[in-house]
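Trainee: Structure of the sequence below:
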Amino acid sequence: MTFFRRYLDYLRPQAARIGGMFLAGLAFVALSGVAYWMAADFVQALFIGRAQAPTLPEEPLTFLNLSDYLAHYSAKLVLADTPLATLKRAILFIVVAFALKNVALYIQLALSASVEQRIARRMRDQYVEHLLRQDLAFFHRRQSGDLIAAGINDITVLNAGLAESFGKLLRDPLTALVFLVLLLAISWQMTLAALVIAPLTGIVTNALGESLKRKSRRTQDRVGAVTARLGEALYGIRIVQAYGGEREEVRRFRAATDDHFRQALGKERMRRLVSPAREFIGVIVIAAILFVAGGHVLGGQWLSRDEFVRFLVLLFGLLNPITSLGEVQARLKIAEGAAQRVFALLDEPAAIVAPGTGEREHPAFHGAIRFSRVSLAYDEERGRALRDIDVRIEPGERVILAGRSGSGKSSFLNLLPRFYDPAEGAVELDGVDVRRIPIAELRRVFGVVTQEIVLFHDTVAGNIAYGSPEASRERIEHAAALAKADSFIRELPQKYDTDLGNLGERLSGGQRQRIAIARALLHDPPVLLFDEPTSALDGDVAEQIELTLRDVSRGKTVILATHRLSDLAGDDRVLLFEDGRITADAAHGHLARTNPAYRAIVHQQAVAATA
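Mentor: Predicted coordinates for the structure are as follows:
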C-alpha cells in the first residue's frame, strides 16, 4: 500500500499523540476483556441466582488452565452472601468496566481527531504551496474546480479515512487477539472450528474493498466536476444573467450533480454493505458452532454449561472488532482512491525550478533585457508560441509589442518573470539567465499590469500592498497618488480601509485598473510590463489610463503590449509579432510608413476606434 507508506511521513511528527492513542487503545483492550469476561458472571448471577466460583486448580498457572484461574477469581470478585447482593456486585463491576472502557475509547478518538486535523492542515498547506510553484501551463491543462476539490474534499476524505482507520488498527487487532486468547483458553477445539469458517469474511471484504476503491476514485472525480461547474457559473455571473443563461447553467449543474449522485450513491451502498455482510458471516460462524457443539455441551462432553455461556459471550464480543476491521478495509480503499488524486498532483513536477544555492546570482538590476534565440512551446498540441526570438532592450527604453491576437505578445511578456521557461534559448537580465536568479528576487524587478484586472476580497490598502504586507501606509498612498487613484480612494466610505468586495466589483473598470497600477508601482520596480492594460476600458477612460502609464513610466524600462497603436509617439520602438516571430523592429513612425502589415494593423484599429 504505497499511499499508506507516504502517509507515514505525515504521521511521524504526531508520534507523541499516536503514542497516547496506543496507550488508550491498550486500556480499552484490557477493559473490554474484563467487561465481557465479567458479563458471564452476571449471566450466572441473574439466571442461576449466584456466581459459582470454580475450584482453583492445584497445578501452576499455564495456558491450559488459564480459564479456570480467571473464572475462579472473577467469580470471587462478585460473590456475596446473598444472590441479590451477588447480582448487584456483578452489575457494578460491569458498569465500571464499560465506563472506563469508553473513557479510554474517547481519549483515543479525541487524539485521533487531533492527528487527523493537524495532518489535513499540513497537507493542504503543502498542496497549495506546491500548486503556486507551478507555471501557468499547469493551470491551463486543468479545471480549477478539480484543483479546489482535491485540496478540500479529497484531503478531507483521505485524512478522515486514514485517521479513523489508524485508531482502529491500533485498537481492534489487540482486542480481537485478547478475545481469541480467552476463547482458546476456554476451548481450543471450538475456537479452531470458528477460525476455519472465519476466512470467508476476508474474501468477501476484499472483493467489496476493491470495488469501493474504484467507486471512490470516480466519485472524487465527479466532485471536481461539480466544483468546476459551480465556480464557472459564479465567475461569469454577469454574462449568465445578461444572456439569460440561468436555466442552462442550472441544467448543466444538475447534470453534474446527477452524475456525482449516482457515483456517490453506488459507493455508499457498497460501503454500507461491508459491515452487515461481515456481521452476517459472523453470525453464521456462531450458528455453525452452536449446531455442531450444542449437543455435545448439553451432554456434558466438551464444556460445562457455565464455560459454554462464557464462550458464547466472548465470541459475540469478538464479532465487534472483526466487523470493525472490515469497515477499516473499506475506509482504506476509499482513502486510497482520494490519495491517488492528491498525491498525483503533489507529484507533478514544478516546471519552474528555483536555482540551486550554488547557482544563485544577485546582480544589481539595471533593467537590461536580452532574449537570446528563444522559443516557447506550451504543449505539443498547440505548437510553438514563440520562435527564435533574439532581441535586446536597453535600460529605460520604452518598447511596444504589436501584432494580431495570438501572435506571441503575451508569451513574450510571460517569459520575463518566469511564468513559463523557454523551450530553447535564454532570457537574460543584465547578462544573467533569469533561471539562475531566485524567483522572488527576479519578480520584484517587474511591475505587472494585465488586461484581466485581478483584485482580491480585501481593503484598498490590502490590494495595493498585495505581496508586500510590510509596506507602510505612506508608501501605499504614494503609489496610489502616482497611479492617479488617491482622489477617488479618499471618497470611498472608509478610504484606504474600504473593503472592495468580491473581485473589486464595488469599483468601476478604470478605478480597478488604477488600483492594479498602484500595486505594480508600490515597490518601485525598474521594469514595467503592461499586457493590454486598456483593452477592456472605454475610450476616454483608456486614454486617461494611457496618460497615467506614460507618467509613471519615466525613468523605467517599459514593455507594453497594446492594440491602441494610434496613440503611440513616432519614436516609440515597436516589435511587430507574427506567428510567434518578430518580423519587424523599428520606430512606430517608420513602420507605419514602410511596413504594409503594420500599417494595416494601425489602420484597422483606427477604423474600429471611430466606428
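
Trainee: Grab the nearest non-local neighbour of Asp486.
Mentor: Leaving out its chain neighbours, the residue that sits closest to Asp486 by C-beta to C-beta, 6 or more residues apart in numbering is Ala480, at 4.5 Å. (C-beta placed from N, C-alpha, C; glycine too.)

Trainee: In this structure the one you found contacts Ala465, no?
Mentor: No. Between Ala480 and Ala465 there is no contact under C-beta atoms under 8 Å: 10.5 Å.

Trainee: May I see the buried residues of stretch 490-501?
Mentor: Buried residues in stretch 490-501, counting neighbours by 16 or more other C-beta atoms under 10 Å, are found at 492, 496, 498-500.

Trainee: And for stretch 412-428?
Mentor: 412-422, 425-428.

Trainee: any idea which of these is closest to Ile155?
Mentor: Distance to Ile155 across the buried residues of stretch 412-428 (C-beta to C-beta) is lowest for Phe419, with 26.7 Å.

Trainee: Once you drop chain neighbours, what's closest to the closest one?
Mentor: Among residues not flanking Phe419 along the chain, Leu136 sits closest, at 5.0 Å (C-beta to C-beta, 6+ apart).

Trainee: what about that neighbour, neighbour count?
Mentor: 13 (other C-beta atoms under 10 Å).

Trainee: Same check on Gly570?
Mentor: For Gly570, using other C-beta under 10 Å, the count is 10.

Trainee: Need the three-state assignment for the nearest residue to it once chain neighbours are set aside.
Mentor: In this structure, Gly570 finds its nearest non-sequential neighbour in Gly589, 3.4 Å apart by C-beta to C-beta, 6+ apart. Counting by DSSP: H, G, I helix; E, B strand; the rest coil, the backbone at Gly589 sits in helix.

Trainee: Give me the distance between Gly589 and Leu549.
Mentor: 20 Å (C-beta to C-beta, to the nearest Å).

Trainee: For those two, work out which one has more neighbours and name it.
Mentor: Using other C-beta under 10 Å, the more surrounded residue of Gly589 and Leu549 is Leu549, with 21 against 14.

Trainee: next SSE after the helix or strand hosting the more buried one?
Mentor: In this assignment (DSSP states H and E), Leu549 forms part of helix 539-552. Following helix 539-552 in sequence order, the next helix or strand is strand 557-561 (DSSP H and E).

Trainee: Show me what the helix or strand just after that next one pairs with in its sheet, parallel or antiparallel.
Mentor: Sequence order places strand 573-578 as the next helix or strand after strand 557-561, per DSSP H and E. Paired neighbours of strand 573-578 in the sheet (DSSP bridges): strand 398-402 (parallel), strand 581-587 (antiparallel).

Trainee: Export those strands as a markdown table, with columns for mean pLDDT and mean neighbour count.
Mentor: Shown next, in a markdown table, are these (pLDDT from 0 to 100; neighbours: other C-beta atoms under 10 Å):
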| stretch | mean pLDDT | mean neighbour count |
| --- | --- | --- |
| strand 398-402 | 87 | 22 |
| strand 581-587 | 86 | 16 |
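
Trainee: can you put those in CSV and add distance to Pro438?
Mentor: Formatted as CSV, the strands paired with strand 573-578 follow (distance: least, C-beta to C-beta, whole Å):
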stretch, distance to Pro438
strand 398-402, 25
strand 581-587, 29
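
Trainee: And these: which comes nearest Pro349?
Mentor: Using C-beta to C-beta, the strands paired with strand 573-578 put strand 581-587 closest to Pro349, at 29.8 Å.

Trainee: okay, now Leu192: neighbour count?
Mentor: 11.

Trainee: Skipping adjacent residues, who's closest to Gly396 in space?
Mentor: Thr557 (5.9 Å).

Trainee: ranges for the helices of the stretch 301-450 of the chain?
Mentor: Listed in chain order, the helices of the stretch 301-450 of the chain (DSSP state H, counting those that start in this stretch) span 305-346, 409-415, 439-443.

Trainee: can you list the weak-confidence ranges in the stretch 401-550 of the chain?
Mentor: By pLDDT under 70, the weakly predicted segments of the stretch 401-550 of the chain are 503, 534-543.

Trainee: All the strands of it, in order from the start?
Mentor: Residue ranges of the strands in the stretch 401-550 of the chain, as given by DSSP state E, counting those that start in this stretch, are 424-429, 432-433, 446-450, 527-531.

Trainee: Against which helices or strands is the first one packed?
Mentor: The reference is to strand 424-429. Contact here means 3 or more C-beta pairs under 8 Å, 6 or more residues apart in numbering; DSSP states H and E; on that basis strand 424-429 packs against strand 369-379, strand 383-393.

Trainee: would you turn those into JSON lines with distance to Ile437 and mean neighbour count?
Mentor: JSON lines is the format used below for the helices and strands packed on strand 424-429 (distance: least, C-beta to C-beta, whole Å; neighbours: other C-beta atoms under 10 Å):
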{"stretch": "strand 369-379", "distance to Ile437": "13", "mean neighbour count": "18"}
{"stretch": "strand 383-393", "distance to Ile437": "17", "mean neighbour count": "17"}
